[in-house]
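1. for reference, the sequence and a predicted model appear below.
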Amino acid sequence: MLMQDVGAFHPEFVDLSTSTAAQWLWLIPAVPIVASGIIALLRQPRRKPAAALAIGSLGCSLLIALYAFAHVVSNWASGITTREVVNFTWMQTGASTVDLGWVLDPLSAVMMVMVCLVGLLIFIYSVGYMEHDENFTRFFCFLSLFAGAMLGVVIANSLLLLFMCWELVGLTSYLLIGFWYHKPSAAAAAKKAFLTTRVGDIFFLLGIVWLFNATGTLLFYNHGSGSMEGLALANLLTQHAGLGLSAAGAIALLIFAGAVGKSGQLPLHVWLPDAMEGPTPVSALIHAATMVAAGVYLVARVYPLMAAGAPLSSVGAMAGTTAPLIVVTWIGSATAVFAALIAIAQNDIKRILAYSTVSQLGYMMAGLGLGGVAVGLFHLITHAFFKALLFMGAGSVIHGCHEEQDVRRMGGLWPVMPVTFATYAIGMLALCGFPIFFSGFWSKDAILEAAHQSGFIKGPYYLLAFGALLTAFYMTRQVSYVFFGKWRGHGHAHESPKVMTAPLAILAFFAIALGIIGTPAWPWFHAFLDGHAAAIDLHAFAEADFLKLLGTSAVIVFLGLGLGWALYGNKSPAAEEPDALEKATPWLWAGLRDRLYVDEFYSATFIVFYAWWARVADWFDRCVWGGIVALVTWLFRLWAQLNRWIDNEWVDGGFDKTCDELSSGGGLLARVQNGRVQIYLRVLAVAVVALAVILIWSSRS
Amino acid sequence: MNYADLFRVTLPETVLEVAAIVVLVADLVFLRKAVLRARVAAASLLGIAGCAVAWWAVGCAGAQGFSAGQGWGAGSDLLLAAGGTAGVAQVGILVLTALTLLLLIDADFTRHAGEYVAVVLMAAAGGMLIAAAQDLLVIFIGLELLSLGLYILTAFAKKSGKSAEAAMKYYLFGGMSAAFLLFGFSYLYGLSGSTSLPRVVYGTYMASAHGGTMLLYVALVMIAAGLGFKVAAVPFHLWAPDTYEGAPAPAAAFIASVSKVASFALLISISSVALHFFGELHFTYVKAYVTARIVSEPVHITPGIPTAWPLILMVLAVTSMVLGNLAALAQSSVRRLLAYSAVAHAGYILLGLAFFSWSSASAHAILYYILTYGLTTVGAFGVVAVVERATGSDRMDAFLGLQKRNPLLAAVTLVLFLSLAGIPPLVGFWAKFNLFAAVLGVGAGSVSLWLVALAIAMSAISLYYYLQVLKRAYVMPATDETPIQAHPVTLVVLLAIAAAVLVMGCFPALLQNWIASF
């Protein structure tokens, strides 16, 4: 069943028949998943075929994604923004059907190109990084499966299909965090990640069930009858769910809980830093660029539901005015600052980046809440590139320093690893939001601008601005520790091979260049996602608001960079020496170093409660249920034995006895003819009589 | 009724009979000197070609919409229906027949390949006849055509004493059941004065309203004995374990799949006719009847087929589910295990027939169940055949270490047995789900709820014995690690069946839509 849907989201969405690109969109996730299956069947040490299959399949997906993207862009350029959907019935029970499908619209098009491109670069990089690992094949199998599942999340047009892929992504994340499962910390981190995200997923699932119950469909868009379209939303708004929320608001909040778990927002962020136990390419791909952004993408996907009921005016003013969006904004802003604070006092190079990722995801959430889909998504895309760059740079550093991860045992690396340093610096400046030249500046600025303009709530603006200061500070600290000062590690550091540095260079290019499509003068990205035409307007640079904002953020960034450099620049303290900030404020430092005691709090409350509850349940299981089960088992065994006994003694036994008696005289023929067949036939006759008696007895009246 | 119409409707059966003769002639005349392997392959391929042509013919008959097939009125002297559930069942019979013929390619139990294939095709023609039959005589002829073929197939391993013994028992049991059936039919004819199903339903209604109820009940019980024998419902199942154990594997697969599909299609058409005749009224009566029996209150009810028939089916269903599953627990032979599991599955389906819906929901759910069950069983017997050839035994212990000895075969076993147990996302789960949902949709009240609860509990028990086999294949240490070789064709067929089970499980709407499209 092919359908296509246009016009429900925006007045400019125009009718168009389903294109080839949309019809074959399913290939994008399917190819890597099939490749993963083939790799799984390969015999273990086949390194080259495994890598070639994984990279080749993702390359194919990238080509298809680019084709689809070009298709959407060309339509948009000619003035029609399409949302093409292909739906099919997955199963039918009674009157209700469960449909699945995929969607090609600007949102999914942008996202799939990003996932394919970043994924492909990280795949290539992994060939170098995992070169000496004995489980190379398994690694690429998981990586491919991940890419397929993630692309499935991106193109899904059904909340159910999205949820399936979402769980698959969670599974691969679990497998890859625990890839070095012989390390107890990795195994524990994998378990933690899986369980923590599960907490959010339970609420997500509740939201899905509620949505299906309320609207009868889980499709996002289905020619006007999807759950994200006017009719269903209007229906949801009229239902009250208590606490002053409409059903739409309550469902949106439940779905957002799933996004909180997956995207490491407060209070479920604790798993993401621990997830850095996985191989570095995994951290770059899954825990920085793509999977953790799936939560943000989910919120963008269900944005119509989130924003349902907001007064319709211009896009910017409408945001931040519904209960779910306010929650999203506050949680995002709080996470942004909270994680940035913790990042200051970490010494593991990947953990700093992990907390930075949590913080940046908070920015994206806040951007969605305040400025709408385009603002949040733009930061998602730029962040994916520069954070993947940073992680892979960190991986390159770790690789070059013989698996050392403590920044205090590095230093002075910039002459030794020039390419890594140059690209890392670009990534770092993009992350800090260094003005004008880096993509991160434009995307972060858009969020700040949206926060500033929001007439509804002001708090997030100050939180986010403070977060920007912290970001510049902790990144300066990290870069100073790693690349400047004296070498404090063991042995000699070395530059990584070309297969690792080349992807870094490509990502660095994007970390700079992507800014171009989101400047106020040429807001191409926003226009593309929102479905209106983009025009170049250089005067936007000269507007007072823009200049004021530019000035503010420049001051914030330079303040952060300057503070960082003043405290850490070229100091090269020894590893055992207390940190510069620790000397100044020991109490603050201790709190930040211990990650503001969130983990300890969870251990002392939830974990203790669950352990106690588990003990009670265990006791109950063993003593009560176990006893019942044992009893039932015993009864059934008895019954089965009885049946067998009847079969053996009564039927077979009679047969055997007859045989024994007749075998002397009868031979085979007698054996066959006078065997238990007679008993069978007697049973048949008795059964007929018994049935007739039952029937006649039951019809007496 | 004119003969041109009749010929058009029986075209598929005719094609199969012609194919049977072609196979015989080809084998006896042209391939006399050829090696056995070539003769087996040629006979199988000719048989499969016959099935393919017959499928095309089914499509033609359905497309032309045989006019007499549309009318349910008491006035039509309908012999055969075309299209609808009959069409689905006929296509199912043809596909399953072709699959069992593919399994023959690897078999070596007989040197008379041509005869074997010819008998298979004739039996399949009998099955197609009863799937579409609307007349007592046609039903009986079709049943006999099918049954006689099955007796011969069971006895086909002429060197095996077990095969001969099983066939003898099967034949005696079948003969007696057929006698009961015919006796029951004669009573029905006596009561109603007609052999056409709609008229029989009408006639017995009139007769029982005038005091012929006892006679009708006796007739119905006798018919239940005859049909219960075909579907192996307790207490008419006693032949099944011996036959499944003694028959050559392709024949056992044929008995377990094609014969079941045909017999259940017949039961569906009987139930449909009864229901269509009484229409909506039926609901009230059955509900009142069942409630009355449970709470023992005297309620005025209409006597006749629509009240008594479901009760008989319900009794058979419950006994089959309980005894089939429990007896399977104690088996150590995989073939006997499959036999008792077949009994159990027949019990679930009979439950669906006892609570039959006026709309097509029940018919579709039952067809879905029986087709997917038939497919899975053919695969299961294929696996058993391969293992049996390699180890010389069908004991469960023959499956020890199968995962090491032939991983693909072990994977197929895993998929098929889990599907039989009803584990999602395999097709067996959706079959059970649809069937039980249909039962609950019809029987509003506590009786159907309790029976479905019983069925679910029983299918939970069934997991135990299916896992017994899988445990040996995957977990328990192997006693022998020499690889098991399977014929490539067999392996491809088995893999295709497993893939179909998996794909249809992931996309349950595929088969549902196909069934609904007839």
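-> The structure has been received and is ready for your questions. Predicted model only: the values in this text are computed from it and were never measured.
2. what's the burial count for whichever residue of the stretch 101-250 of chain A sits closest to chain B?
-> Chain B sits closest to A:Met164 of the stretch 101-250 of chain A, with a gap of 10.6 Å, by CB to the nearest CB. The C-beta positions use only the backbone N, C-alpha and C, and glycine is treated the same way. Residues within reach of A:Met164, counting by other CB atoms under 10 Å in any protein chain shown, total 16.
3. just the C-alpha atoms of the helix or strand containing it, please, in PDB.
-> Assigned by DSSP states H and E, A:Met164 falls within helix A:159-177. Below are the C-alpha coordinates for helix A:159-177, written out as PDB (Å, rounded to 0.1, in the frame of the first residue of the first chain):
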ATOM      1  CA  LEU A 159       6.200   5.000  16.500                       C
ATOM      2  CA  LEU A 160       6.300   1.200  16.800                       C
ATOM      3  CA  LEU A 161       8.900   0.700  14.100                       C
ATOM      4  CA  LEU A 162      10.900   3.500  15.600                       C
ATOM      5  CA  PHE A 163      10.600   1.800  19.000                       C
ATOM      6  CA  MET A 164      11.800  -1.500  17.600                       C
ATOM      7  CA  CYS A 165      14.800   0.100  16.000                       C
ATOM      8  CA  TRP A 166      15.300   2.100  19.100                       C
ATOM      9  CA  GLU A 167      15.600  -1.000  21.200                       C
ATOM     10  CA  LEU A 168      17.900  -2.600  18.600                       C
ATOM     11  CA  VAL A 169      20.100   0.400  18.900                       C
ATOM     12  CA  GLY A 170      20.100   0.000  22.600                       C
ATOM     13  CA  LEU A 171      21.000  -3.600  22.300                       C
ATOM     14  CA  THR A 172      24.000  -2.800  20.000                       C
ATOM     15  CA  SER A 173      25.000  -0.100  22.400                       C
ATOM     16  CA  TYR A 174      25.000  -2.700  25.200                       C
ATOM     17  CA  LEU A 175      27.000  -5.100  23.100                       C
ATOM     18  CA  LEU A 176      29.600  -2.500  22.100                       C
ATOM     19  CA  ILE A 177      30.000  -0.900  25.500                       C
END
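4. next SSE after that helix?
-> helix A:184-215.
5. quick check: buried residues in that following helix?
-> Neighbour counts using 16 or more other CB atoms under 10 Å in any protein chain shown place A:186, A:189-190, A:192-194, A:196-197, A:199-201, A:203-208, A:210-212, A:214-215 of helix A:184-215 among the buried residues.
6. give me the mean pLDDT for stretch B:47-63.
-> Mean pLDDT, computed over stretch B:47-63, is 84.
7. in the chain, what helix or strand scores lowest on average pLDDT?
-> Chain wasn't specified; assuming chain A. Ranked by mean pLDDT, DSSP states H and E, the helix or strand of chain A with the weakest confidence is helix A:315-318, at a mean of 46.
8. hm, I was asking about chain B
-> Using mean pLDDT, DSSP H and E, the lowest element in chain B is helix B:281-295, with a mean of 52.
9. please pull up the helix or strand immediately following that one.
-> Once the chain leaves helix B:281-295, the next helix or strand it forms, by DSSP H and E, is helix B:305-329.
10. and after that following helix, which helix or strand comes next?
-> For helix B:305-329, the following helix or strand on the C-terminal side (DSSP H and E) is helix B:334-354.
11. what residues are up against residue 183?
-> This is for chain A. Counting by CB atoms under 8 Å, 6 or more residues apart in numbering or on different chains, A:Lys183 touches A:Glu277.
12. actually it's chain B I care about, not the one you picked
-> B:Phe183 neighbours (CB under 8 Å, 6+ apart): B:Met222.
13. any weak-confidence spans in the chain?
-> Just so you know, I chose chain A. Within chain A, the ranges that satisfy pLDDT under 70 run A:1-17, A:44, A:81, A:94, A:310-320, A:455-457, A:572-576, A:652-676, A:700-701.
14. switch to chain B, that's the one I care about
-> Within chain B, the segments meeting pLDDT under 70 span B:1-2, B:61-78, B:83, B:209-212, B:276-306, B:443-444.
15. what do you get if the cut-off is 50, keeping everything else the same?
-> For chain B, the stretches with pLDDT under 50 are B:65-75, B:280, B:282, B:295-301.
16. please name the nearest non-neighbouring residue to the residue of the stretch 101-250 of chain A closest to chain B.
-> In space, and not counting its chain neighbours, A:Met164 is closest to A:Gly152: 7.5 Å by CB to CB, 6 or more residues apart in numbering or on different chains.
17. give me the element that neighbour is part of.
-> Here A:Gly152 sits within helix A:136-155, counting by DSSP H and E.
18. and that helix, what does it pack onto?
-> Contacts defined by 3 or more CB pairs under 8 Å, 6 or more residues apart in numbering or on different chains; DSSP states H and E place helix A:136-155 against helix A:27-41, helix A:47-77, strand A:96-104, helix A:106-129, helix A:159-177, helix A:291-301.
19. what's next to stretch A:553-567, contact-wise?
-> For stretch A:553-567, contacts defined as CB under 8 Å, 6+ apart pick out A:432-435, A:441, A:444-445, A:448, A:465, A:468-477, A:480, A:580-581.
20. from these, which are also near chain B?
-> Among these, proximity to chain B is found for none (CB under 8 Å from any CB of the partner chain).
21. off-centre distance for the strand or helix carrying B:Ala410?
-> Following DSSP H and E, one finds B:Ala410 within helix B:407-421. Relative to the chain's own centre, helix B:407-421 is displaced by 21 Å; criterion: CA atoms, centre = their mean, to the nearest Å.
22. now the angle from that helix to helix A:27-41?
-> 120 degrees (axes from the mean of the first three to the mean of the last three CA atoms, to 10 degrees).
23. convert helix B:407-421 to PDB, retaining C-alpha atoms only.
-> Output in PDB follows, covering the C-alpha atoms of helix B:407-421 (Å, rounded to 0.1, in the frame of the first residue of the first chain):
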ATOM      1  CA  PRO B 407      24.400 -26.300  12.200                       C
ATOM      2  CA  LEU B 408      21.900 -25.400   9.400                       C
ATOM      3  CA  LEU B 409      19.700 -28.300  10.200                       C
ATOM      4  CA  ALA B 410      19.800 -27.400  13.800                       C
ATOM      5  CA  ALA B 411      18.800 -23.900  13.100                       C
ATOM      6  CA  VAL B 412      15.900 -25.200  11.000                       C
ATOM      7  CA  THR B 413      14.800 -27.400  13.800                       C
ATOM      8  CA  LEU B 414      15.000 -24.500  16.200                       C
ATOM      9  CA  VAL B 415      12.800 -22.300  14.100                       C
ATOM     10  CA  LEU B 416      10.200 -25.000  13.300                       C
ATOM     11  CA  PHE B 417       9.900 -26.400  16.800                       C
ATOM     12  CA  LEU B 418       9.700 -23.000  18.400                       C
ATOM     13  CA  SER B 419       7.000 -22.100  15.900                       C
ATOM     14  CA  LEU B 420       5.100 -25.300  16.800                       C
ATOM     15  CA  ALA B 421       5.300 -24.200  20.400                       C
END
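24. is the next helix or strand after that helix positioned near chain A?
-> Using DSSP H and E, the helix or strand that follows helix B:407-421 in sequence is helix B:427-442. Yes. Using CB under 8 Å from any CB, helix B:427-442 reaches chain A at B:430, B:433-434, B:437, B:441.
25. ok so, going back, now, of the contacts of stretch A:553-567, which are buried?
-> Buried members of those, counted by 16+ other CB under 10 Å: A:432-435, A:441, A:444-445, A:448, A:465, A:468-477, A:480, A:580-581.
26. near chain A, which residues of the stretch 301-450 of chain B show up?
-> Taking CB under 8 Å from any CB as the contact definition, the stretch 301-450 of chain B meets chain A at B:301, B:303, B:307-308, B:311-312, B:315, B:323, B:326-327, B:329-330, B:361, B:430, B:433-434, B:437, B:441.
27. any idea how many residues pack against the closest residue to B:Arg336 other than its chain neighbours?
-> When the adjacent residues along the chain are set aside, B:Arg336 lies closest to B:Pro241, with 4.7 Å between them (CB to CB, 6+ apart). Residues within reach of B:Pro241, counting by other CB under 10 Å, total 25.
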